[in-house]
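Novice: Next one to model:
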Amino acid sequence: MRLDLRKRTPLLGDLLVWCGAAAVMLALLAIVGDVLRHGLGQVDWAFLTESPFSSGRSGGIGPIIVSTMIVTGIAVVVATPLAVGIAILLAEHLPPGDPRARRVRACLSTLAGVPSIVFGLVGNTLFCDWLGMGFSLLSGGLTLALMALPIIAFVAEQSISGAAESLRPGAYALGMTQTRVVTRVILPVALPGIVGGVALGLGRAIAESAALVFTSGYVDRMPGSLFDSGRTLAVHILDLAMNVPGGDARAYATAAVLLASMLLVVGGLTAFSHASQRRMGTL
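Specialist: The predicted structure follows:
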């Protein structure tokens, strides 16, 4: 009987794993299918380029797409170098058991677990009030950068640590300095993993709404500068669904655009990551 149980245990574990994976895929397909079924028929060129009218019940989402691109672009440009720098610090300059490394990782873990609404309140106080940026795309982008920072940093650290284990001894044996080892050897090899971390961070940033309500604002006109207020796709969906009677149809259409944007951007970055991995494997 014990032998039978031992034989069945791996099979039961595999079955549970596959059932969990199937449940995740079914949930994703259900969400995507519902959004596309209700919203895809309303998406056309006019909807993607025109400005919204009548509180979003008519018109398009052209200015909102531009605001979304600006806010997420700011978040990625600001968060990526900071996250990679933190990852290099943890992987290359601080020993694994160093108390400073544990404190940095604890701070990143805490930052990753902070609710988005709290990020919005902090961003409103820090960027909008103290730094005088007001409700602006820059305030929203910097707030999203804080949210994406721990995700990118954790993935980048794992990628750099994995690359360093196999390459560092050989590089130092050739007489290379630590700076050249990091910049010329380790970072190029770790680039695919770093790009994957950026994709995860961007996926969180592009779909965020709660934090942006308090930082970038609700204005749905075309922004003229980084200091103008702007409404992102996620905030537009929230406003249509919660505050605009009869806005559900346009909310679904905007959700379809947001979903397609996320799939294109994250899919493109993932494809680039895989291509970089294959290219490094052939070197």
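
Novice: Please look at residue 256 and residue 34 and confirm they touch.
Specialist: No. Applying CB atoms under 8 Å as the test, residue 256 and residue 34 come out as separate, 10.2 Å apart. The C-beta positions use only the backbone N, C-alpha and C, and glycine is treated the same way.

Novice: more neighbours, those two?
Specialist: Counted by other CB atoms under 10 Å, residue 256 and residue 34 do not tie: residue 256 has more neighbours, with 21 against 12.

Novice: Let me see the contact set for that one.
Specialist: Contacts for residue 256 (CB atoms under 8 Å, 6 or more residues apart in numbering) come out as 35-36, 39-40, 43.

Novice: mind listing what's buried in the helix or strand where residue 88 lies?
Specialist: Using DSSP states H and E, residue 88 falls within helix 62-88. Going by neighbour count (16 or more other CB atoms under 10 Å), the buried part of helix 62-88 is 62-65, 67-72, 74-76, 78-80, 83-84, 86-88.

Novice: Report the separation between residue 263 and residue 35.
Specialist: Here residue 263 is placed at a distance of 11 Å from residue 35 (CB to CB, to the nearest Å).

Novice: So which of these two has more stuff around it?
Specialist: Comparing residue 263 with residue 35 by other CB under 10 Å, the one with more neighbours is residue 35, at 20 against 12.

Novice: export the strand or helix carrying residue 192 as CSV, just CAs?
Specialist: Under the criterion of DSSP H and E, residue 192 resides in helix 187-206. Taking C-alpha atoms only, helix 187-206 is exported to CSV below (Å, rounded to 0.1, in the frame of the first residue of the first chain):
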residue,chain,number,x,y,z
LEU,A,187,24.8,43.1,-18.2
PRO,A,188,24.7,42.0,-21.9
VAL,A,189,24.1,38.4,-20.8
ALA,A,190,21.5,39.5,-18.2
LEU,A,191,19.7,41.8,-20.7
PRO,A,192,16.9,39.3,-21.6
GLY,A,193,16.0,38.8,-18.0
ILE,A,194,16.1,42.6,-17.3
VAL,A,195,13.8,43.1,-20.3
GLY,A,196,11.4,40.6,-18.9
GLY,A,197,11.4,42.5,-15.6
VAL,A,198,10.6,45.7,-17.5
ALA,A,199,7.8,44.0,-19.2
LEU,A,200,6.3,42.9,-15.9
GLY,A,201,6.7,46.4,-14.4
LEU,A,202,5.2,48.0,-17.5
GLY,A,203,2.3,45.6,-17.4
ARG,A,204,1.5,46.9,-13.9
ALA,A,205,2.0,50.5,-14.8
ILE,A,206,-0.1,50.6,-17.9
